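Asker: sequence and computational prediction follow.
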Amino acid sequence: MKVPGIHARLSTGFERFQLDVALELPGDGVTALFGHSGCGKTTLLRCIAGLQPCTGRLSVNGNVWQDDDTSLPVHKRPLAYVFQETSLFPHLSVNGNLNYGYRRTPMAQRRIHPSQVIDWLGLSHFMDRRPERLSGGERQRVAIARALLTSPRLLLMDEPLSALDQTSKREILPYLENLRDTLDIPIIYVSHSAAEVARLADYIVMMDQGRVVAEGGIQETLARPDQPFALEEGAAVIVPAVIRERDPQWHLCRAEFDGGSLWLRDDRQPEPGSRVRLQILARDVSIALAANHNQSIQNLLPARVMDMAAEQRPGMTTVRLQAGQTSFLSRITSRSAHQLGLGCGMDVCMQIKSVAIVE
Amino acid sequence: MSPEWQTVWLTLKLAGITTTVLMVIGTPIAWWLARSSHWLKQPVAAIVALPLVLPPTVLGFYLLLLMGPEGIVGTLTQTLGLGTLPFTFAGLVVASVIYSLPFTVQPLQNVFATVNERMLEVAATLRASPLDRFFSVVIPLARPGFLTAAVLTFAHTLGEFGVVLMIGGNIPGETRVLSVAIYDHVETLEYGKAHLLAGGMLVFSFIVLLALYLINGRLNNGNLKS
C-alpha cells in the first residue's frame, strides 16, 4: 500500500549539534523549512537527500528511502537538489550541465524533457555558454533546470536565492512560482527569508536548535500567536484572496477572502479574478471595540478575539483575530489590551492599516 | 636499428610503459591520500615519498634482493613460471614504477585536494554513481594535475640511472637505457657519442618541461578568465 506524503523520523549529530525530527509532510506543494541560521534546516535537507549520514526512517510518497536496514545512496534516490551557491560544473557548457542528469535518468523514468525546462526557466539564449559567463541568477536557473531534468519525485532546494542580489531574486521568484504551479511533485524549500516563505510555501516547518518547534499549513501556522516567529518584529499572516474589482479613480482594488474584503493599493494592477496572496503584518492591525468611520483607515472588519499571547518583549501582546475562516494577528501594547478589556471570544472591530500583495 | 637508436627506443618504451602503469595505480592511491582521514594515511604518504629521499642505489639494492631468486617476489615469480625479474626489461618496469611513484602520486594528490566536494555531491544528486562521478567530474576538473603527473613521471623515468644499474645492468636491447649508455660512453672516453645522447636528452627534457608549463599556464588562465 502506498502511503502518500513524506514521513521522516531522522536523527543525526555532530560536535555540539544534534538534529532530531519527526515530520509528516504533504506529498505535494511547497513545504518551507524555516528558521534562523544554525537551526538545522540545511542539515535536515541533507539527511533527506542522503548527503548527511543519519539514523531513522524516511519514506517519500510510499517509497522507503531509509529505514533500520537500508539507506539508499544519494544517486539512487529519485530526488533533485538545488544548492545554495553556484554548483554548475565549470568544465561543461550550460547544455552539458543540463544533460548531465538527464542522460543518467533511465529513459522510462523521464517525464521532464530539456525543451520544457528551457522554456520554463527561459534558458534558450545561453545554452552554449560556459557557467562563468552567466549572471548569478542565470546560473541558479540553470541549476534548477538541471535538477528538474532528472524527473525527480522530490525537489529539495537549499536557500536557492540567498546568494543572489535583490535584482536576481526578483528575476527568479516568478520562475519558482511557475514551477510550484506546474510540477506535481513535492518541493522542500529551506529558507530564512520570511518574504520567500510567504510567497512560495503552502506548508511550513519552523525549526530551532535541531528540533521542530511548529509546523502546519502556512496560513494557520503563521496566524498562531504562540509560534516563535509571531513574536518578532516581522510577524505577519498570509491570506489567499481573489481580486474582485478595481477602482481606477482612487487607485485601489478589492480583494475578497474567506471572511470579507480588503481594499489595497492598485500598484501591480492585478486582473480581476486573479488569485493573490496578501501579507498583513501584525503591527499594521489594530483593534477597536466598535467601528469608527471617522478616521483614515479604510479596512474595518468585524472579527473575534481567539487567542492572546504576551510577547517576549515586555509590554507587547499578540492577539489572534478571526474574520470568517481567516485568522489575523494584531500586535498591540499590553496596556491597550488591558484598557479595552480584551478577552477570548470578544467581538471587536479590526482595523487594517496596510495590506500588500506578496511579491 | 643502430645501437644508439635501440637505446633511445628502449628508454622511451620504458618511460612510456612506466607512466601508463603509474597512471593506473597512482590515481587511486592519490585519491585515497587526498580524501581519506584513515590513520594509515600518513604512513602510506611517507612510503610513497621514500624514493624522493633514498639514494637510488639503496632502492635498487633492496629491489634486487626482493626480486632475486631468494627474495619473496622472486620466489613468487619463479613459482608462477616467470623466472626472476632482475636483468630483464620487466624487472626494470617494476623498479621504475616504484622509483617514480611519488612523481605521479604527489601532483595528483594536490589536484584532487582542490576538487570541490560540492561538485561530487551535485553529481550524486544527478544520479551519478561513485565511479561515474570520478570519471565525469574529478578527472575533467583535475586535468592539469594529470598532465603534470604524466610528464614528470615520464621525464623522471627517462633520467633514472642508479636503480637501473643495480637491477638491470647493461644488456643492449633489454636493459641498456640512455643514462647507462651515456655513462658507458664517458667511461670509454667516447665523448662524441656521449654528447649526442646527453645533448639530445637535455634538449628533449627542456622541450617537454616548456610544453608542460605552457599548457598548464593556458589551462589555468582559461579557468580563471573564461
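Answerer: Done, it's in.
Asker: next, the nearest residue to A:Pro4 once chain neighbours are set aside: secondary structure please.
Answerer: Excluding the flanking residues, the one nearest A:Pro4 by C-beta to C-beta, 6 or more residues apart in numbering or on different chains is A:Gly27, at 4.2 Å. Yep, even glycine has a C-beta here, placed from its N, CA and C like the rest. Counting by DSSP: H, G, I helix; E, B strand; the rest coil, the backbone at A:Gly27 sits in coil.
Asker: which other helices and strands contact the helix or strand where A:Arg139 lies?
Answerer: Taking DSSP states H and E as the criterion, A:Arg139 maps to helix A:136-148. If contacts are counted by 3 or more C-beta pairs under 8 Å, 6 or more residues apart in numbering or on different chains; DSSP states H and E, helix A:136-148 sits against strand A:79-82, helix A:94-103, helix A:114-120, strand A:154-158, helix A:166-182.
Asker: for the third one, which positions count as buried?
Answerer: By neighbour count with 16 or more other C-beta atoms under 10 Å in any protein chain shown, helix A:114-120 contains the buried residues A:114, A:117-118, A:120.
Asker: those into JSON lines, with extra columns for pLDDT and distance to chain B?
Answerer: Shown next, in JSON lines, are those (pLDDT from 0 to 100; distance: C-beta to the nearest C-beta, whole Å):
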{"residue": "A:Pro114", "pLDDT": "92", "distance to chain B": "14"}
{"residue": "A:Val117", "pLDDT": "89", "distance to chain B": "14"}
{"residue": "A:Ile118", "pLDDT": "91", "distance to chain B": "17"}
{"residue": "A:Trp120", "pLDDT": "86", "distance to chain B": "18"}
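Asker: helix or strand for A:Ile188, which one?
Answerer: Remark: A:Ile188 resides in strand A:187-191, with elements defined by DSSP H and E.
Asker: tell me which strands that strand pairs with, and in which orientation.
Answerer: Here strand A:187-191 has these sheet partners by DSSP bridges: strand A:30-34 (parallel), strand A:154-158 (parallel).
Asker: just to check, A:Leu179 is in contact with A:Trp120?
Answerer: Yes: using C-beta atoms under 8 Å, A:Leu179 is in contact with A:Trp120, at 6.6 Å.
Asker: chain neighbours aside, what residue packs nearest to B:Ala113?
Answerer: Nearest one to B:Ala113, counting by C-beta to C-beta, 6+ apart, is B:Ala34 at 4.7 Å.
Asker: how's chain A carved up into domains?
Answerer: Listed domain ranges for chain A are A:6-222, A:236-357 (source: automatic domain parsing).
Asker: out of those domains, deepest packed?
Answerer: Sort the domains of chain A by mean neighbour count, taking mean count of other C-beta atoms under 10 Å in any protein chain shown, and domain A:6-222 sits at the top with a mean of 19.
Asker: which stretches of chain B form strands?
Answerer: For chain B, no strands are identified by DSSP state E.
Asker: ok, A:Thr333 - contacts?
Answerer: A:315-317 (C-beta atoms under 8 Å, 6 or more residues apart in numbering or on different chains).
Asker: contacting residues around B:Ser205?
Answerer: Residues near B:Ser205 by C-beta under 8 Å, 6+ apart: B:155, B:158-159.
Asker: ok, the closest residue to A:Leu149 other than its chain neighbours to A:Ala108 distance?
Answerer: Leaving aside its chain neighbours, A:Leu149 sits nearest to A:Tyr102 (4.1 Å; criterion: C-beta to C-beta, 6+ apart). Using C-beta to C-beta, to the nearest Å, one obtains 14 Å as the distance from A:Tyr102 to A:Ala108.
Asker: so where's chain B uncertain?
Answerer: Filtered on pLDDT under 70, chain B yields the residue ranges B:1, B:220-226.
Asker: need the three-state assignment for A:Ile185.
Answerer: With three-state DSSP as the criterion, A:Ile185 reads coil.
Asker: pretty sure it sits against A:Leu156.
Answerer: No: counting by C-beta under 8 Å, A:Ile185 does not reach A:Leu156; the two are 10.7 Å apart.
Asker: any idea of the angle the helix holding A:Arg139 forms with helix A:166-182?
Answerer: Interaxial angle, helix A:136-148 versus helix A:166-182 (axes from the mean of the first three to the mean of the last three C-alpha atoms, to 10 degrees): 20 degrees.
Asker: contact partners of helix A:136-148?
Answerer: With contact meaning C-beta under 8 Å, 6+ apart, helix A:136-148 is reached by A:80-83, A:86-88, A:94, A:97-98, A:100-101, A:112, A:117-118, A:120-123, A:126, A:131, A:134, A:155, A:157, A:160-161, A:163-165, A:167-169, A:171-172, A:175-176, A:179, A:183, B:125-126.
Asker: switch to 6 Å and redo it
Answerer: A:80, A:82, A:86-88, A:94, A:97-98, A:101, A:112, A:117, A:121, A:123, A:131, A:160, A:164, A:168, A:171-172 (C-beta atoms under 6 Å, 6 or more residues apart in numbering or on different chains).
Asker: count the residues that sit near the residue lying closest to B:Leu219 once chain neighbours are set aside.
Answerer: Take B:Leu219 and drop its neighbours on the chain: the residue closest to it by C-beta to C-beta, 6+ apart is B:Pro144, 4.7 Å away. Residues near B:Pro144, counting by other C-beta atoms under 10 Å in any protein chain shown, number 20.
Asker: in helices, which of the contacts of B:Ser205 appear?
Answerer: Within the contacts of B:Ser205, residues falling in helices by DSSP state H are B:155, B:158.
Asker: neighbour count for the contacts of B:Ser205 - can I get that in TSV?
Answerer: Putting these into TSV (neighbours: other C-beta atoms under 10 Å in any protein chain shown) gives the following:
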residue	neighbour count
B:Ala155	19
B:Leu158	21
B:Gly159	14
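Asker: quick check, nearest of the contacts of B:Ser205 to chain A?
Answerer: Nearest to chain A among the contacts of B:Ser205: B:Ala155, at 26.7 Å, using C-beta to the nearest C-beta.
Asker: from the contacts of A:Thr333, which ones fall inside strands?
Answerer: Mapping the contacts of A:Thr333 onto strands (DSSP E) picks out A:316-317.
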